[in-house]
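Engineer: What shape does this take:
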Amino acid sequence: MNKSSEPKQMKTKKTCFIVSPLGKDNSDTRRAADGLINSVIRPLLIELDFEVIAPHEIDNPGSITTQIIKHLLNAELVIANLTELNPNVMYELAVRHAKRLPVVSVVQTGTILPFDIATERTIFFNNDMAGVIELKSKLQKMVLEAVQEKEPDNPIYRVVKSQIMQEVVSAKSDDVQSYILNRLEEMSMQMNRIYSRVREPNVNESLRGFSSTIEVKAEDTESEKDKIISTVFSSGRVMRASIPKSAKDGKLSFDVDFETRNDLRRSVDALVEAGYEVKTRLN
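Structural biologist: Residues are numbered from 1 along each chain as shown. Model (predicted):
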């Protein structure tokens, strides 16, 4: 057969799946999400030879949840928009982390990330015209780094790696992915229960929590920061907390969301008992 008459094999593009808060059609959340995807993420990823897929653009028949999970487990890259700290986005990020595949996170400036992921690589962006230009260059750099990383690191894999492997081995199962899917199904059920309670119109104020800024007189070292955060988390019911940052007069300042005022009081008492000078301010 003549070489020129042989059918050309189509090159399969890499897939980038977008995890993002969506909201209802024409809502501020949807407009902001679509603006970020269409103005920054999709044009950049197309340049890098990726096919970009967003959850609300999937039109294949079948369960949308199943298709989202498959994309999270199989896509070469996931970009997660953590703005608004949407519970579904957090769950989908956990799914991706469980598979230990490349993920790049972006979030609007001013967002206080949950303590669990606050130390992970995240691009903060301003939601304006200048912010779009700044974000594009930062995103390109981090995408290229992420896809070249042979063993992506993340909080879930760091903590549960050995436990998962031990349980899989003890069950004499070779299907690690099935095991992970079963565990994620359990997580999904728990998340749905929490999310439905928060969305109830008559939910008690204490369940919604409140935010406080805590200032602690301490040295600006990683060991001191770890000690302070560990004290706060172990003494009160904390919804999320930022990483302590250096403030004036030799103090460390950080924001914490507590479930109740009593949780704030217990955390402050624990810090004082540990020998710290503490000041608080409700946000």
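Engineer: From the chain's centroid, how far away is stretch 117-124?
Structural biologist: Relative to its parent chain, stretch 117-124 has a centroid offset of 8 Å by C-alpha atoms, centre = their mean, to the nearest Å.
Engineer: Check stretch 271-283 too.
Structural biologist: Taking mean C-alpha positions (C-alpha atoms, centre = their mean), stretch 271-283 and its chain are 28 Å apart.
Engineer: For the stretch 101-250 of the chain, just list every one of the helices.
Structural biologist: Along the stretch 101-250 of the chain, the stretches classed as helices by DSSP state H, counting those that start in this stretch are 129-148, 155-170, 176-199, 205-208, 222-235.
Engineer: mean pLDDT for the ones you listed: which is lowest?
Structural biologist: Note on these: lowest mean pLDDT is at helix 205-208, with a mean of 42.
Engineer: Roughly how far does the closest residue to I53 other than its chain neighbours sit from R96?
Structural biologist: Distance criterion C-beta to C-beta, 6 or more residues apart in numbering; nearest residue to I53, sequence neighbours excluded, is F17 at 5.2 Å. Bear in mind the C-beta positions are built from the backbone N, C-alpha and C, glycine included. Distance of F17 to R96, given as C-beta to C-beta, to the nearest Å: 9 Å.
Engineer: what's the overlap in contacts for those two?
Structural biologist: Counting by C-beta atoms under 8 Å, 6 or more residues apart in numbering, the common neighbours of F17 and R96 are 72, 78.
Engineer: My guess is the residue nearest to I53 contacts L77. True?
Structural biologist: Yes. F17 lies in contact with L77 (C-beta atoms under 8 Å); the separation is 7.5 Å.
Engineer: Those two: which is more packed in?
Structural biologist: F17 (26 against 21; other C-beta atoms under 10 Å).
Engineer: mind checking the SS state of that one?
Structural biologist: Put simply, F17 is strand when judged by DSSP: H, G, I helix; E, B strand; the rest coil.
Engineer: where's it relative to E51, distance?
Structural biologist: Applying C-beta to C-beta to F17 and E51 gives a distance of 10 Å.
Engineer: State the number of residues packed around the residue lying closest to K251 once chain neighbours are set aside.
Structural biologist: Of all residues not flanking K251 in the chain, E215 sits nearest, at 4.8 Å (C-beta to C-beta, 6+ apart). Residues contacting E215 under the criterion other C-beta under 10 Å number 19.
Engineer: State the distance from E215 to R266.
Structural biologist: From E215 to R266 the distance is 18 Å (C-beta to C-beta).
Engineer: got it, and E120?
Structural biologist: 28 Å.
Engineer: before we move on, what about D226?
Structural biologist: 19 Å.
Engineer: Neighbour count: those two, which is higher?
Structural biologist: Of the pair D226 and R266, R266 is the one with more neighbours under other C-beta under 10 Å, namely 17 against 11.
Engineer: what does the model give that one for pLDDT?
Structural biologist: We have a pLDDT of 86 for R266.
Engineer: That one belongs to a helix?
Structural biologist: Yes. Applying three-state DSSP, one finds R266 inside a helix.
Engineer: Surely it and V238 touch.
Structural biologist: No. Shown here, R266 and V238 do not form a contact pair, counting by C-beta under 8 Å, at 10.4 Å.
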